[in-house]
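*Asks:* just need the structure, nothing else, for what follows:
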Amino acid sequence: MTDHTRTAPAIVLLLVTTAMMSLVACHRPQTAPPAAGPPEVAVVTLEPQPVTLTTELPGRTSAYLVAEIRPQVSGLILERPFTEGADVKAGQLLYQIDPAPYQAAFDQAQAALAVAEATLPAARSRAERLEGLVEIHAVGQQDFDDARAAFAQAEANVLAAKAAMDSARINLEYTPIRAPITGRIGRSSVTVGALVAAFQAVPLAVIQQLDPIYVDVIQASADLLSLQRRLAAGRLTRDADAASRVKLLLEDGTPYPLEGTLEFHDVTVDPTTGSVTVRMVFPNPDHVLLPGMFVRAVVEEGIDEQAILAPQQGVTRDVKGNPIALVVNDAEQVEQRALEVDRAIADRWLVTSGLAAGDRLIVEGLQRVQPGVPVHAVPFQPAEAGERHASGGPPSAAVE
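*Replies:* Presented below is the predicted three-dimensional model:
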């Protein structure tokens, strides 16, 4: 028997077994896959809460008082006793102009006054004597008139001499140049031996009072109008004392330790920028703030007693850039809302329209759902506080 003859029955048996197994498999009942439930999403139930709204306004510091030191008489500088960059007191000697020519002018004027005063008694006596004689016609009327005119001229000479002496005395008193205010003096533009002119254009030095110090910030007129409307509508409440207190952020973002006060809003809008200037006053005992420094003032706008704060991860944008959010309605279905947001507060948006108290905002699982789809909502488990605020940044409001 050949090998081919021996393997043929084995092949036939294998084929028959395979066919029978296929028939059994075809008649075995199939089990259907388990039905998928609605997708699970994490939601945050929104509740109104009081929020103190603030705004940051950019600005610069300026000295509280500025005095440009200029000479009021011409002359040679003999002395400059102050130290540049130091603090000076009001009345302190800054420069000494050579007083010799002004002392001589004063002495001359004083002598002229003495001469005028010496001629006055004789002129008075002659006028009085002739007045009695003219009544009895002992002298002519012309003689009396001449005596009376001479007396009046002598009185005028005394007044003119007094005025000249006062002018000479004032010029002499101007030769020492003293500090008109208390503050910090800058560099001197002249040295000892320099010749200065009265009321020259270039100041000899500049004194600036730095404590307290002004902070001038810029606020858009549109923002000011919006704030006034919200206050008038009752959406914000404001404490007058709290609104007048201002905080400050330095150029590097660090907070200034002392609070300032709001002085006034300018009454004129700058037509080129559409903004108004707001002036504030801050104490500056350590001279941390210097004139011309860039700062940001944190001004309290008011308190929103029923603010709706939505987590930022639950707010997206449509193709036009408008903010939208997905919420779970009472039918446990996804519903899309168009929002209006005012500002970011830490990791949340202050929502002014589109969301209300009690809405369940979807913050996780947004990619798996769309409007109208039923979902299974579970409470959102927030991260640790340190993780939520890791990004930092100055707040624009405080949640009470």
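*Asks:* stretch 318-327: which residues count as buried?
*Replies:* P323, A325, L326, V327 (16 or more other CB atoms under 10 Å). Heads up, the C-betas are built off the backbone N, CA and C, glycines and all.
*Asks:* right, I mislabeled it, should have said stretch 107-127
*Replies:* Buried-residue list, stretch 107-127, by 16+ other CB under 10 Å: A109, A112, L113, A116, A123, R126, A127.
*Asks:* so L225 sits in a strand?
*Replies:* No. Under DSSP: H, G, I helix; E, B strand; the rest coil, L225 falls outside any strand and is assigned helix.
*Asks:* who's in contact with it?
*Replies:* If you count contacts by CB atoms under 8 Å, 6 or more residues apart in numbering, L225 has none.
*Asks:* quick check: it vs E340, distance?
*Replies:* As judged by CB to CB, to the nearest Å, L225 and E340 stand 17 Å apart.
*Asks:* what number of residues lie near the nearest residue to Q333 once chain neighbours are set aside?
*Replies:* In space, and not counting its chain neighbours, Q333 is closest to P374: 5.2 Å by CB to CB, 6 or more residues apart in numbering. The number of residues packed near P374 is 13, by other CB atoms under 10 Å.
*Asks:* surely P374 and V328 touch.
*Replies:* No. With contact defined as CB atoms under 8 Å, P374 does not count as touching V328 (9.3 Å).
*Asks:* any common contacting residues for the two?
*Replies:* Going by CB under 8 Å, 6+ apart, residues that sit against P374 and also against V328 are V334.
*Asks:* one step back: for Q367, see how far away the residue nearest to Q333 is.
*Replies:* In terms of CB to CB, P374 sits 17 Å off from Q367.
*Asks:* ok, now M280?
*Replies:* From M280 to Q367 the distance is 47 Å (CB to CB).
*Asks:* okay, the two: which has more neighbours?
*Replies:* Shown here are M280 and Q367; by other CB under 10 Å, M280 has more neighbours (26 against 7).
*Asks:* quickly list what the more buried one is bridged to.
*Replies:* With DSSP bridges as the criterion, M280 is bridged to V215, L262.
*Asks:* which residues does it contact?
*Replies:* Y214, V215, D216, V217, V246, G260, T261, L262, E263, A297.
*Asks:* check the offset of the top helix by length along the chain from the chain's centre.
*Replies:* What stands out as the longest helix in the chain, according to DSSP state H, is helix 100-135. With CA atoms, centre = their mean, to the nearest Å as the basis, helix 100-135 stands 64 Å off its chain's centre.
*Asks:* what about it, average pLDDT?
*Replies:* What helix 100-135 shows for mean pLDDT is 85.
*Asks:* ok, the residue lying closest to V73 once chain neighbours are set aside to Q92 distance?
*Replies:* Distances taken as CB to CB, 6+ apart put Y174 closest to V73, at 4.6 Å, once the chain neighbours are dropped. For Y174, the distance to Q92 equals 16 Å [CB to CB].
*Asks:* try A307
*Replies:* 55 Å.
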